[in-house]
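**Q** Provided below are the primary sequence and the corresponding predicted coordinates.
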Amino acid sequence: LSLGWKGTAKNWSQFEMIYLVLAGLSTPLVISVHTIVSFDFAVSGLPGWHTTIFPPYFVAGAIFSGFAMVITLMSLIRIGFPKFKDYITIDHMEVMNKIIMMTGLMVGYAYGAEFLIAWYSGNAYEQYVFFVSRAFGPYAWAYWTMIFCNVFVPQLFWFKKLRRSIPVMFVVSIFVNIGMWFERFVITVTSLHRDFLPSNWGQYAWSAYDTAILVGSFGMFFTIFLLYLRVFPAISIAEIKPMLAVGREDEPEHLKGGGH
């Protein structure tokens, strides 16, 4: 099972080198994946999708929602497993909250830029989608819920006291997760339910199958997540061991090895 791992100095040196390379590759990988996904929408001719702002918009949204989900899970882990407080500290979570706040501003900028592009382009179809259908149409409730959750709620993190409060960051992360779900709903539904031809217009009908898929996806994720916590170490032991203060000079004499 160890695939030849012997724990030698050479093994650890190779491990740290590959670890650093993979960490460096992860950033461009995240950017490229979400950029390509955004192209699925941006290259279409559908009003509401055909915009060049989608690639950076999707990347910022992915970082935004990803950190919010991590905060949600870390808050629950700290509550369910109190000993994790020594490893998952408030300082770690505060830094992530700052990233959530900044990416929330970036996402809010993208929301505003969509209206600016629709107005400046002079395209009547684009203007209808944003100024009529999304903001004041039948799905305006979903749009303004998205704006409230993704733009206004994260601004609470400007205050350090709120940024370092576990209950506050947990609630904010839940709002962000809800807001990002509504963002997908707004992008998909409000652009499709009223397109170029009025004869194709219609309302999205939520069914029991949609509810089952949504609830089932949450259930599957948390089941896999909890099973992983049950079977595998939640924190890499190899990363924690170098940080432990072993054999410190200020260690009491009765705790040091050797004879007396």
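**A** Thanks, I have the structure now. Residues are numbered from 1 along each chain as shown.

**Q** tell me the mean pLDDT over the strand or helix carrying Thr190?
**A** Assessed by DSSP states H and E, Thr190 sits inside helix 166-192. Across helix 166-192, the average pLDDT comes to 91.

**Q** mind listing what's buried along the longest helix belonging to the chain?
**A** In the chain, taking DSSP state H as the definition, the longest helix is helix 9-42. Across helix 9-42, burial judged by 16 or more other CB atoms under 10 Å covers Ile31, His34, Thr35, Ser38, Phe41, Ala42. For the C-beta atoms, the positions are set from N, CA and C on the backbone; glycine is no exception.

**Q** next, the contact list for the second one, please.
**A** Put plainly, it is His34. By CB atoms under 8 Å, 6 or more residues apart in numbering, His34 lies in contact with Pro55, Phe58, Val59, Gly61, Ala62.

**Q** quickly find the element holding the fourth one.
**A** Put plainly, it is Gly61. helix 54-80.

**Q** pull the number of nearby residues for Phe221.
**A** 11 (other CB atoms under 10 Å).

**Q** going forward, count from 26.
**A** Happy to do that; since the first residue is 26 now, the last one works out to Phe246.

**Q** per-residue pLDDT, it?
**A** Note on Phe246: pLDDT of 89.

**Q** quick check: it vs Lys110, distance?
**A** 24 Å (CB to CB, to the nearest Å).

**Q** got a list of contacts for stretch 136-152?
**A** Pro72, Gly73, His75, Thr76, Ile78, Val154, Phe155, Phe156, Ile172, Asn175, Val176, Phe221.

**Q** now Thr128, nearest residue through space, not along the chain?
**A** Of all residues not flanking Thr128 in the chain, Phe89 sits nearest, at 3.9 Å (CB to CB, 6 or more residues apart in numbering).

**Q** now find how far off-centre the lowest-mean-pLDDT helix or strand in the chain is within its chain.
**A** Every helix and strand in the chain was compared by mean pLDDT, DSSP states H and E; the lowest is helix 262-265, with a mean of 74. Chain-centre distance of helix 262-265: 25 Å, with CA atoms, centre = their mean, to the nearest Å.

**Q** do stretch 219-231 as well
**A** 31 Å.

**Q** next, the distance between the ends of it.
**A** 17 Å (CA to CA, to the nearest Å).

**Q** where's the residue nearest to Ser216 when sequence neighbours are not counted relative to Gly162, distance?
**A** The shortest distance from Ser216 to any non-neighbouring residue, by CB to CB, 6+ apart, is to Gly73 (3.4 Å). Counting by CB to CB, the gap from Gly73 to Gly162 is 12 Å.

**Q** who has more neighbours, the two?
**A** For Gly73 versus Gly162, the count of surrounding residues by other CB under 10 Å is larger for Gly73: 24 against 17.

**Q** how about that one, secondary structure?
**A** Judged by DSSP: H, G, I helix; E, B strand; the rest coil, the three-state class of Gly73 is coil.

**Q** can you check the pLDDT for it?
**A** 82.

**Q** ok, now which ones touch it?
**A** Going by CB under 8 Å, 6+ apart, Gly73 touches Glu151, Val154, Phe155, Arg159, Ile212, Thr215, Ser216.

**Q** ranking by neighbours, what's the top pick from those residues?
**A** Using other CB under 10 Å as the neighbour test, the contacts of Gly73 are led by Arg159, with 25 neighbours.

**Q** what's the pLDDT at that one?
**A** So Arg159 comes in at 85 (pLDDT).
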